[in-house]
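Student: Pasting the sequence and the predicted coordinates here, then a few questions.
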Amino acid sequence: MNGMRHLTICSAVRYIANWVTQRLNRIVKAWLRPAANSTLVGASLDLSRSKAKLIAENALLRHQLVLLNCRNSGLNSHRAIVSSCCCSPS
């Protein structure tokens, strides 16, 4: 009898854990889904930002792309990435 009770408790716990996991998955996906009008809103907000802030953001994004390209090309160490990608003229 205890074996049967243990199986039903385990089944119930598994069912609840599965339900909670699915629910959290839906919630997180809803949070991470971009808004439908995000491009238009982003462009309109950029109009109010200063040129210096836009240039700084552009430089940061370019740097991230350089690092990503270097890592995808097979360079693993930070020293190799810095010496071959960041200091070379592009």
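Tutor: Perfect, thanks for sending it. Remember, predicted model here, so these are calculated numbers, not experimental data. Numbering: from 1, shown residues only.
Student: ok, the most centrally placed residue in the chain to N25 distance?
Tutor: Nearest to the centroid of the C-alpha atoms of the chain, with distances taken as Cα atoms, centre = their mean, sits L32, at 9.0 Å. Separation of L32 from N25 (Cβ to Cβ, to the nearest Å): 11 Å. Yep, even glycine has a C-beta here, placed from its N, CA and C like the rest.
Student: repeat for I55
Tutor: 39 Å.
Student: Tell me which stretches of the protein form helices.
Tutor: For the chain, applying DSSP state H gives helices covering 2-32, 38-47, 51-72, 78-81.
Student: Would you mark the buried spots in the first one?
Tutor: Residues of helix 2-32 include none that count as buried (16 or more other Cβ atoms under 10 Å).
Student: Tell me, how many residues neighbour V66?
Tutor: Neighbour count of V66, defined by other Cβ atoms under 10 Å: 15.
Student: Could you do N69 as well?
Tutor: 13.
Student: ok, now S48?
Tutor: 6.
Student: Next up, phi/psi of it, please.
Tutor: Taking degrees, to the nearest 10, you get phi -90, psi -10 for the backbone angles of S48.
Student: Now for it: which residues touch it?
Tutor: By Cβ atoms under 8 Å, 6 or more residues apart in numbering, no residues touch S48.
Student: What separation do you get for it and G42?
Tutor: 11 Å.
Student: swap in Y15?
Tutor: For Y15 relative to G42 (Cβ to Cβ), the value is 42 Å.
Student: go on, K53?
Tutor: 14 Å.
Student: next one: K51
Tutor: 17 Å.
Student: Give me the more crowded residue out of the two.
Tutor: Between K51 and G42, counted using other Cβ under 10 Å, the more crowded position is G42 (11 against 7).
Student: Let me know the pLDDT of that one.
Tutor: pLDDT, the model's per-residue confidence, is 80 for G42.
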